[in-house]
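*Asks:* build me a model:
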Amino acid sequence: MLQSSFTSDKIEAGCDEVGRGCLAGPVVAAAVILPKRFQHEWLNDSKKLPALKRKELDAIIKSEALAWAIAEVSPQEIDQINILKASFKAMHQALDQLEIRPELLLIDGNRFTPYKKISHHCIIKGDGKFLSIAAASVLAKNYRDDLMEKLAHQFPGYAWERNVGYPTKEHRTGIEQLGVTPYHRMSFQLLPIQGELF
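*Replies:* Numbers count the residues shown, from 1 in each chain. Next comes the predicted model:
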């Protein structure tokens, strides 16, 4: 069972991002403040959950969270400032939207740019350890998956409805045959170096 909180007395916001390793689409982050006693047996790292459970959890999190927010940074901005800075920016923008000011931030991963003098803890694989980070991972992944599925209808041939922008063989074959879209990250290596396999 994941831990409900890091402290007993502070207002904690869990933060996570999704889409860092994709070739296309925005990077998306979410921030979630859960009640201290919140528990749910399904809630875990979004990558470990089937889509149907993620959808159900999405509604539960949004209705029971004290505050939640989602933000995205575009492929064009990712190209300008790099993916790491873009991931932190998305988290900051999600935090900006929270209706409650947190006193402590729980960040999934090992690095973070400090936010408005609020203390933070970086927790490796935090989405599998703390409920608030897991909740943020679920909201961010659902939002981004839905967005990439919609974009797949506008830009067929890249299989975004299945790979959501990650570098699969099907996605790279689409780039090779159709070229790039406005949603591709031009600073990324979109195709393998000649001689490498997909």
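*Asks:* CA atoms for contacts and neighbours, from now on please.
*Replies:* Will do.
*Asks:* and the helix or strand of the chain at the bottom of the mean pLDDT ranking, how far out from the chain middle?
*Replies:* Lowest by mean pLDDT, DSSP states H and E among the helices and strands of the chain is helix 51-64, with a mean of 95. In terms of C-alpha atoms, centre = their mean, to the nearest Å, the centre of helix 51-64 is found 15 Å from the chain centre.
*Asks:* so what pLDDT did the closest residue to residue 76 other than its chain neighbours get?
*Replies:* Nearest residue to residue 76, sequence neighbours excluded (C-alpha to C-alpha, 6 or more residues apart in numbering): residue 185, at 6.9 Å. For residue 185, the pLDDT comes out at 98.
*Asks:* tally of neighbours for residue 185?
*Replies:* Residues lying near residue 185 (other C-alpha atoms under 10 Å) number 23.
*Asks:* and if you look at residue 166?
*Replies:* 19.
*Asks:* show me the contacts for residue 159.
*Replies:* 152, 170-171, 174 (C-alpha atoms under 8 Å, 6 or more residues apart in numbering).
*Asks:* nearest to residue 128 among the residues you listed?
*Replies:* Taking C-alpha to C-alpha as the measure, residue 128 lies nearest residue 171 of the contacts of residue 159, at 28.5 Å.
*Asks:* you'd agree that closest one is up against residue 162?
*Replies:* No - between residue 171 and residue 162 there is no contact under C-alpha atoms under 8 Å: 9.4 Å.
*Asks:* thinking again about what came up before, tell me the mean pLDDT for the helix or strand following the least confident helix or strand of the chain?
*Replies:* Using DSSP states H and E, the next helix or strand after helix 51-64 towards the C-terminus is strand 67-73. In this model, strand 67-73 has an average pLDDT of 98.
*Asks:* with that, I have no additional questions.
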